[in-house]
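J.: Return atomic coordinates for the entry below.
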Amino acid sequence: MTDNNLIKDYLLSLAVTQTTDYQIKSSVAKHNRAMNKCRKIATEIQTNYPELKESFADLLNKEPEISLLVAHHIIEVMQYPDNIKSKALSIIKEKSKEESTVGLGNKMWLKDYLQAHPKDKKLIR
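T.: Residues are numbered from 1 along each chain as shown. Have a look, this model is predicted:
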C-alpha cells in the first residue's frame with residue numbers, strides 16, 4: 001500500500017462499516033475485517049507515514065460516522081498533540097450522550113479510557 005492511498009483505503013474500509021447488518025453473521029464478519037484494516041492503516045500512518053497525520057486528523061471534520069471512528073483510532077493507536085486528542089475525545093463524548101447502543105458503547109469506552117488516563121479528562125470539551 002503506498003502512502004498516497006492510505007487515507008483513501010481507510011475511507012473505503014470505513015464505508016464498508018456503514019452498511020453492516022448486525023443480524024447477518026457474514027455482514028458482521030465483513031464489518032470486523034474492515035475495522036481491522038482501518039486500525040492497521042492508522043497504525044501504519046503513525047509508524048511509517050507521519051507526514052500523513054495532519055491529513056488523517058482532518059478526517060475529524062467529516063460527517064459523524066467517519067469522525068467518530070477516526071477519533072477512536074487517533075486515541076487508541078496514534079500519538080497526537082493535546083489539541084487533536086481533545087477534539088477526538090470530545091467527539092467520542094458527544095456520541096456517548098446518545099440514547100443508542102453506539103452511544104452506550106462510547107459511554108463505557110470513555111469511562112474506561114478516563115480511568116486508565118485520568119490526566120486526559122482536562123482535554124474533553
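J.: Give me the residues contacting the lengthiest helix in the chain.
T.: Of all segments of type helix in the chain, defined using DSSP state H, the longest is helix 25-48. Here helix 25-48 makes contact (Cβ atoms under 8 Å, 6 or more residues apart in numbering) with 1, 3, 6-7, 9-10, 13-14, 16-17, 19-22, 52-53, 56, 69, 73-74, 76-79. Every residue, glycine included, has its C-beta placed from N, CA and C.
J.: Which members of the residues you listed occur in helices, if any?
T.: 3, 6-7, 9-10, 13-14, 16-17, 53, 56, 69, 73-74, 76-77.
J.: From those residues, list the buried ones, please.
T.: For these, a burial check counting by 16 or more other Cβ atoms under 10 Å picks out 6-7, 9-10, 13-14, 16-17, 53, 56, 69, 73-74, 77.
J.: pLDDT weak spots in the protein?
T.: For the chain, residues meeting the criterion pLDDT under 70 lie at 1-4.
J.: if you set the cut-off to 50 instead, what comes out?
T.: Scanning the chain for pLDDT under 50 picks out the ranges 1.
J.: Who are the contact partners of Asn106?
T.: By Cβ under 8 Å, 6+ apart, Asn106 lies in contact with Leu68, Ile92, Lys93, Lys95, Ser96, Glu98.
J.: ok, so of the residues you listed, who is nearest Lys107?
T.: Ser96 (3.9 Å; Cβ to Cβ).
J.: and the closest one, how many neighbours?
T.: Neighbourhood size, Ser96 [other Cβ atoms under 10 Å]: 17.
J.: That one and Tyr113 touch, don't they?
T.: No - with contact defined as Cβ atoms under 8 Å, Ser96 and Tyr113 do not form a contacting pair (10.6 Å).
J.: Tell me, how many residues neighbour Asp58?
T.: Other residues close to Asp58 by other Cβ under 10 Å number 11.
J.: how near is it to Ala29?
T.: 30 Å (Cβ to Cβ, to the nearest Å).
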